[in-house]
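> the following comprises the amino acid sequence and a computationally predicted model.
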Amino acid sequence: MRFAARALLVAFLCTFGAGASLARSNAPAPQEVALVDLPREARDTLALIRRGGPFRTRQDGSVFGNREKRLPARDRGYYREYTVPTPGAKDRGARRIVAGADVRSSGEYYYSDDHYNSFRRIRE
């Protein structure tokens, strides 16, 4: 009887509960990149994030929605985005760092050099 009750609970959670939020993300785990392999501008931006600024653009620190679901699924507001300067660009360029919940110390940082088409988790 215990086994049947446990199996029923697991089936319920997978259909309606905890498993449903996990099923929302079909995103493969992002590749990794070592901090030392990032461009200098990305390393400088990560240092700014950890210090809490000052940031270069007003968009820095804004919510990153993860609409394309290329990062692990999280509640809205979990991810924040920051501009990584691109030498020679007249606008913000395509490079970004997206940080998880506690942006100053979470250790969850992702780098995109193609305006969110792909991400690599920063390994420190």
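Looks like it came in fine.
> show me what contacts P85?
The contact partners of P85, by Cβ atoms under 8 Å, 6 or more residues apart in numbering, come to E41, T45, R56, G93, R95. From N, CA and C alone the C-beta is placed, and that goes for glycine too.
> in these, which has the lowest confidence score?
Ranked by pLDDT, the contacts of P85 bottom out at R56 (90).
> which non-adjacent residue is nearest that one?
T83 (5.9 Å; Cβ to Cβ, 6 or more residues apart in numbering).
> next: T86.
G93 (2.9 Å).
> count of residues packed around that neighbour?
Using other Cβ atoms under 10 Å, G93 has 16 neighbouring residues.
> repeat that for the one 3 residues further on.
Taking other Cβ under 10 Å as the criterion, the count of residues near R96 is 23.
> my guess is it contacts H115. True?
Yes. Using Cβ atoms under 8 Å, R96 is in contact with H115, at 7.2 Å.
> got any ranges where this protein has weak pLDDT?
1-27 (pLDDT under 70).
> tell me where it has helices.
For the chain, helices defined by DSSP state H occupy the ranges 2-16, 18-23, 40-51.
> hang on, the earlier thing: looking at the contacts of P85, which one is closest to Q31?
Ranked by distance to Q31 (Cβ to Cβ), those are led by R95 at 16.0 Å.
> right, and that closest one touches Y116 too?
No. With contact defined as Cβ under 8 Å, R95 does not count as touching Y116 (10.3 Å).
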